[in-house]
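Trainee: Let's see this in three dimensions:
(one chain, ligands or ions: 1)
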Amino acid sequence: MIKIVKFGGSSLASAEQFAKVGKIISADKERRYVVPSAPGKRNARDTKVTDMLYACYALAEADEEFRIPLMKIKDRYDTIINGLNLRLSLEEEFKQISVNFRQKIGVDYAASRGEYLNGLIMANYLGYTFVDAAEVIFFDEDGNFDPDKTNAVLSERLGKIERAVIPGFYGCAPDGSIRTFSRGGSDITGSIVARAVHASCYENWTDVSGVLIADPRIIKNPRPIKTITYRELRELSYMGASVLHEDAIFPVRKAGIPIHILNTNAPDDEGTWIVESTCHSSRYTITGIAGKKGFVSVNIDKDMMNTEVGFGRKVLSAFEENGISFEHMPSGIDTMTIFVHQPEFEGKEQAVISAIHRLAEPDSIELEADLALVAVVGRGMKSTRGTAGRIFSALAHANVNVKMIDQGSSELNVIIGVSNADFENAIRAIYDIFVETQL
Ligand code: ASP
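Mentor: Below is the predicted model:
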């Protein structure tokens, strides 16, 4: 059996963190392929190496002096190398980086050096083979990831290597230049490698003990989720929960490989399993709660709306004409409401209103701003009676006025619209009723 282990930036921010990672890897022989991020923050005021690289390259692009910021980056790596007592010098590597920066080789190349250099250190520390991601991860001419070519080359290459380190976040374009994924993209590399070697598990090591039921900035010490399906996670991520890069799910999902989120600083914690499907029910009926502030509701009234064929299409064309996507669309007999993102809508509101008048001839249109959406997600809701009842009585007790309710036909989630000011209270009330009262 093969496990892929991906470590996030905070797990690799210092020599002490590297030592923890070394222990984790050597504790299990199946952990054969390692995907590192770049060194992250060592404390709240620290800067990620990736951000230092972006800033340094911006100077190079502007023909300004970048020697000192580049030396600061080298210092970060040298401190790790010395702390681990490695016989490794990055002198030549940094000379090359400096030459390439001066030639303005590209911002993606610059950012990718964070993972590349950390990969060299990691391979040296573990005694694993270093495989440059530029040789095995490919993008097409348009900058999109090329899964077929990558899978073929990567599985062939790793098939011949017992243990390897493959840096995360970047790959190579058809012209040979370096390309990166979007920020946090090392998660994607881990998933791609897992698929290529048919791993039994993709372990994603981070600095929290799994996906939490709710945002820890709102709920004190929220409980971690033991098992979550890909679909549930997608619902929660879309509504603001951030654990894993959204695109990291796709490669492993295709191959039916589970993801295990684990904590480098508490390796014995259970963590969270992200799976295709499970017969384990979640302990609390709901799996998680997430939400976002900053929505506007556009309330449209028209007598006899219910009998007018095509009314909805006309209204939606007004949004489409203005390039605005909508989030939810609850409706009544003579009313219809469209929820849209406030920042996206604000500059175009009058254009949208006049387009609705022109296309659909409603009686009136009213806007309400500063709304929040809360998503209560859980595969368990399908088979449990009274979930909605519990949500709404909890909200009523907390004096939260519910402005919108939407339950998808999958019965995987209930979406609730409240005012921005009630957002935190609403999440606390729902967490308490489902989790706290069950303890
Ligand atoms: N180092 C990159 C970033 O900061 C990628 C990653 O950490 O996953 O976004």
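
Trainee: buried residues in the strand or helix carrying Lys72?
Mentor: Here Lys72, judged by DSSP states H and E, is contained in helix 67-83. For helix 67-83, burial by neighbour count (16 or more other Cβ atoms under 10 Å) applies to 69-70, 73-74, 76-78, 80-81. All C-beta atoms are positioned from the backbone trio N, CA, C, and that covers glycine.

Trainee: and what of stretch 120-130?
Mentor: 120-126, 128-130.

Trainee: what's the farthest-apart pair in the residues you listed?
Mentor: Among the buried residues of stretch 120-130, the pair separated by the greatest distance (Cβ to Cβ) is Ile121 and Thr129, at 14.0 Å.

Trainee: hmm, back to that, mean confidence score for the helix or strand just after the helix holding Lys72?
Mentor: For helix 67-83, the succeeding helix or strand toward the C-terminus, using DSSP H and E, is helix 91-102. Averaged across helix 91-102, the pLDDT comes to 98.

Trainee: Any figure for the gap between Ala110 and Ile257?
Mentor: Here Ala110 is placed at a distance of 32 Å from Ile257 (Cβ to Cβ, to the nearest Å).

Trainee: ah, wrong one, I meant Asn413
Mentor: Counting by Cβ to Cβ, the gap from Asn413 to Ile257 is 25 Å.

Trainee: Residue in the stretch 301-439 of the chain with the shortest distance to the ligand?
Mentor: Pro343 (22.9 Å; Cβ to the nearest ligand atom).

Trainee: who touches the helix or strand harbouring Leu395?
Mentor: In this assignment (DSSP H and E), Leu395 forms part of helix 387-397. Residues from elsewhere that reach helix 387-397, judged by Cβ atoms under 8 Å, 6 or more residues apart in numbering: 285-286, 376, 378, 381, 402, 405, 407, 414, 416, 418, 426, 429-430, 432-434.

Trainee: same thing but 10 Å
Mentor: Contact with helix 387-397 is made by 285-286, 289, 374, 376, 378, 380-381, 384, 386, 400-402, 405, 407, 411, 414, 416, 418, 422, 425-426, 428-434, 437, as judged by Cβ atoms under 10 Å, 6 or more residues apart in numbering.

Trainee: and Ser209, what does it touch?
Mentor: With Cβ under 10 Å, 6+ apart, Ser209 has these contacts: 223-224, 261-263, 265-272.

Trainee: and which of these is nearest the ligand?
Mentor: Using Cβ to the nearest ligand atom, the contacts of Ser209 come closest to the ligand at Ile261, 14.1 Å.

Trainee: Hmm, the closest one is touching Val275, no?
Mentor: No - applying Cβ atoms under 10 Å as the test, Ile261 and Val275 come out as separate, 11.6 Å apart.

Trainee: Mutual contacts of those two, please.
Mentor: Residues touching both Ile261 and Val275 by Cβ under 10 Å, 6+ apart: 228, 233.

Trainee: Tell me which of the two has more neighbours.
Mentor: Taking other Cβ atoms under 10 Å, Ile261 and Val275 do not tie; Ile261 has more neighbours (23 against 19).

Trainee: Doesn't the more buried one belong to a strand?
Mentor: Yes - using DSSP: H, G, I helix; E, B strand; the rest coil, the secondary structure at Ile261 is a strand.

Trainee: so what's it closest to, chain neighbours aside?
Mentor: Spatial nearest neighbour of Ile261, excluding adjacent residues (Cβ to Cβ, 6 or more residues apart in numbering): Thr272 at 4.5 Å.

Trainee: ok, how many other residues are close to the residue of the stretch 201-350 of the chain at minimum distance from the ligand?
Mentor: The stretch 201-350 of the chain approaches the ligand most closely through His245 (6.9 Å), counting by Cβ to the nearest ligand atom. For His245, the number of neighbouring residues by other Cβ under 10 Å comes to 22.

Trainee: before we move on, what about Pro343?
Mentor: So Pro343, with other Cβ under 10 Å, has 10 neighbours.

Trainee: Do I have it right that Asp406 meets Ala375?
Mentor: Yes - between Asp406 and Ala375 there is a contact at 9.5 Å, judged by Cβ under 10 Å.
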